[in-house]
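K.L.:
I need the structure of the sequence given here:
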Amino acid sequence: MGKPQSARVISTLRNTLIIGAVLLAGLTGAVQAQTSTIRLLVGFPPGGGTDVIARTLAEKLKDQLGTSVIVENRAGAGGQIAAQALKAAPADGMTFFLTHDHTVSILPLVTKNPGFDPAKDFVAVAGFATFVNALAVSGGTPAKSMNEYVAWVRNTQNGKGNVGIPAPASVPEFLVKLIGEKYKLDLQAAPYRGSAPMIADMLGNQIGAGVGSIPDFIENHKAGKIRVVAVLGGARQAALPDVPTFAELGLSGFEDLPYYGIFAPAGTPKASIDRFAEAVSKVVAMPEVRDRLTAMGLTVGYMPPAQLASREHAYAQTWARIIKASGFQAQ
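P.N.:
This is a model prediction of the structure:
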């Protein structure tokens, strides 16, 4: 005999519930997989030095963390847009911000309303490198040294010149001003939205020189398309041993090195910060990663959260004095 009608209904209902539960579990798993992707914010366009560094780390971080790590470019305003995005992000350990000194140490000093306060809105996660800024001349500029560049501006450009910088009111802008004062040249900083468009104009000989980080310049310098003629810092750089420091050329006071670090929204659980920091420490210790970053002109060295926080605070204090002495007014 067949099953009673009520038994068949119960069996059908049970099977339907089981199928529904399986489908729901699959959907939940898909949602979880989607939301488990970690975002690594970058405040500059694709193709620039900071973007390349972020992608180099992200590729290895996904293996250490066991989840996808995507680089999300929020370009503009010297990293300010990305910093504001970090502030607005949930403090759930799924959003981090890879940046250099300009955004977290300099922007709050030169901008009246940056839209974020590093001391209140961010928490340090891990530092991984220091670097130096440099002056590079375009391929169409005949100069092959700092002195030749100065002579070229003075003798063929009536003592006037535009120098590209990756962002307004940045360390490169103050450096342009000081170079002009030292050599008695009328140099004007020309701000760009990141290093990539600045270097594009340098490669196209639309601008005679630019100030930026060595990671921004190194590949084109090695290819002979632009020429780095002077670097900041207290010593010559391993990636550019033939290029003198500004201190050697008589422009001192810039020996405190900028840094690269990773930050998270304030309130991010300590366990998430520690997990990400540990992953960063392992990644930058990998020979292939260290070699890649070193070739870009970075000095690789892991900094745990407390050390990065301390460095950021000290660097901001140093530049607060320099900016105040320059007479610059926050915009």
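K.L.:
Which elements pack onto the one helix or strand residue 84 maps to?
P.N.:
In the assignment (DSSP states H and E), residue 84 maps to helix 80-88. Here helix 80-88 touches strand 38-42, strand 95-100, strand 122-130, strand 259-265, going by 3 or more CB pairs under 8 Å, 6 or more residues apart in numbering; DSSP states H and E. From N, CA and C alone the C-beta is placed, and that goes for glycine too.
K.L.:
Let's have those in TSV, adding mean pLDDT and distance to residue 143.
P.N.:
TSV is the format used below for the helices and strands packed on helix 80-88 (pLDDT from 0 to 100; distance: least, CB to CB, whole Å):
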stretch	mean pLDDT	distance to residue 143
strand 38-42	98	32
strand 95-100	97	27
strand 122-130	97	28
strand 259-265	97	30
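K.L.:
Tell me which of the ones you listed sits nearest to residue 116.
P.N.:
Of all the helices and strands packed on helix 80-88, strand 122-130 sits nearest to residue 116, with 7.3 Å by CB to CB.
K.L.:
which outside residues touch whichever helix or strand comes after the closest one?
P.N.:
Once the chain leaves strand 122-130, the next helix or strand it forms, by DSSP H and E, is strand 133-138. The contact list for strand 133-138 (CB atoms under 8 Å, 6 or more residues apart in numbering) reads 143, 146, 149, 163, 171-172, 175, 179, 202-203, 205, 207-214, 217, 221, 226-232, 240, 243, 254, 258.
K.L.:
Point out the one among the helices and strands packed on helix 80-88 that comes closest to residue 297.
P.N.:
Judged by CB to CB, the one of the helices and strands packed on helix 80-88 that comes nearest to residue 297 is strand 122-130, at 9.5 Å.
K.L.:
on contacts alone, who are the packing partners of the closest one?
P.N.:
If you count contacts as 3+ CB pairs under 8 Å, 6+ apart, strand 122-130 packs onto helix 80-88, strand 259-265, helix 270-284, strand 299-303, helix 305-326.
K.L.:
hmm, try it at 6 Å
P.N.:
strand 259-265, helix 270-284, strand 299-303, helix 305-326 (3 or more CB pairs under 6 Å, 6 or more residues apart in numbering; DSSP states H and E).
K.L.:
In terms of secondary structure, what does the longest one contact?
P.N.:
Read it as helix 305-326. Using 3+ CB pairs under 6 Å, 6+ apart: helix 305-326 touches strand 122-130.
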